[in-house]
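Q: structure, please.
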Amino acid sequence: MTGAQRPVAVVTGAARGIGAAVSAALAAAGYDLVLGDVPAPGAVAGLRYRLATADDLTAVEKRCRDLGAQVTALPCDVRSPSDVARLVGAAGPGDLVAAVAVAGIIGADGPAWEQTPADLDRDLSVNLHGVANLARAAVPRLLLAPRGRGRFVAVVSSAGERGLPRLASYVAAKHAALGYVRALAADLGPSGVTANAVLPGSTATALLDHTAGVYGLDGAAELARHQRLARLLDPAEIASAVVWLCSEGASATTGAALNVDGGFTG
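A: You can find the predicted model right below:
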């Protein structure tokens, strides 16, 4: 896909929100990119909001090209190991140095005791298995990167370390994702490939708009009061943390949960 001069990163959930910001930030930092997102806005049955569109992914692809990156963009349902393997395979052999799992959903809401096995499975299928599917496909490639250069990063959530009302399935899946990343870091050990998680707080995205609806709020801006900065975060602020974790300067950081949450208080 690209020459050896520029490292390559693969990003899931790249079509909007934090994923789009991560993609643009990596492009600006000198990476070529393989970008994936859902094949259709209704790809996950049972959601009460729409996912990204093919046009959204195309717009991110264009933005990253304008920033100097070579880009391959593909439809990718992270619940499908074969989709994720195809996405990772679009990177040239030996080029991949970073894999970033951003794709996430709020699959169900309501009191914890009312959430069904299907509700739990819906959240786990994307928020945990999507991360694991990317690791399964990408880590063998990352192990081929120059020693000390391979990076795996998952964008999890502040919900990965605390409980939130009415979002038990989401919270459980995010706790599981964080635990998976910590175990991945332990398994990678002295290989030089690092694995870390970024835990955003309330960030101005379509997912946060849906969260505001779950809580019966007039808008997402009302959630800012739960952060010490008293404002919503911009997706670019989360992206900056991801880019640092992908950098050579983060070589001594692994198994970390980096809170980029505006001082989230719960």
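
Q: what segments of the stretch 51-200 of the chain are helices?
A: Secondary structure of the stretch 51-200 of the chain (DSSP state H, counting those that start in this stretch): helices at 54-66, 81-89, 117-127, 129-142, 168-188.

Q: may I see the buried residues of the second one?
A: Of the residues in helix 81-89, those scored as buried under the neighbour-count criterion (16 or more other C-beta atoms under 10 Å) are 83, 84, 87, 88. C-betas here are computed from N, CA, C, even on glycine.

Q: do the same with the first one
A: Neighbour counts using 16+ other C-beta under 10 Å place 56, 57, 60, 61, 63, 64 of helix 54-66 among the buried residues.

Q: if I look at the nearest residue to residue 171 once chain neighbours are set aside, how far off is residue 34?
A: Once flanking residues are discounted, residue 171 sits nearest to residue 159: 4.7 Å by C-beta to C-beta, 6 or more residues apart in numbering. Between residue 159 and residue 34 the distance is 28 Å, computed by C-beta to C-beta, to the nearest Å.

Q: which one's more surrounded, the two?
A: More crowded of residue 159 and residue 34, by other C-beta atoms under 10 Å: residue 34, with 30 against 25.

Q: wait, isn't the more buried one in contact with residue 70?
A: No: contact criterion C-beta atoms under 8 Å: residue 34 and residue 70 do not qualify, at 9.7 Å.

Q: rewinding a little: dump the buried residues of helix 81-89 to JSON lines, plus distance to residue 201.
A: JSON lines is the format used below for the buried residues of helix 81-89 (distance: C-beta to C-beta, whole Å):
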{"residue": "83", "distance to residue 201": "30"}
{"residue": "84", "distance to residue 201": "27"}
{"residue": "87", "distance to residue 201": "28"}
{"residue": "88", "distance to residue 201": "29"}
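
Q: what's the residue closest to the geometric middle of this structure?
A: Centroid-nearest residue in the chain: residue 102, 1.2 Å away (criterion: C-alpha atoms, centre = their mean).

Q: and the gap between it and residue 228?
A: Counting by C-beta to C-beta, the gap from residue 102 to residue 228 is 25 Å.

Q: cool, and residue 71?
A: The gap separating residue 71 from residue 228 is 37 Å, by C-beta to C-beta.

Q: the two: which is more packed in?
A: Shown here are residue 71 and residue 228; by other C-beta under 10 Å, residue 71 has more neighbours (21 against 11).
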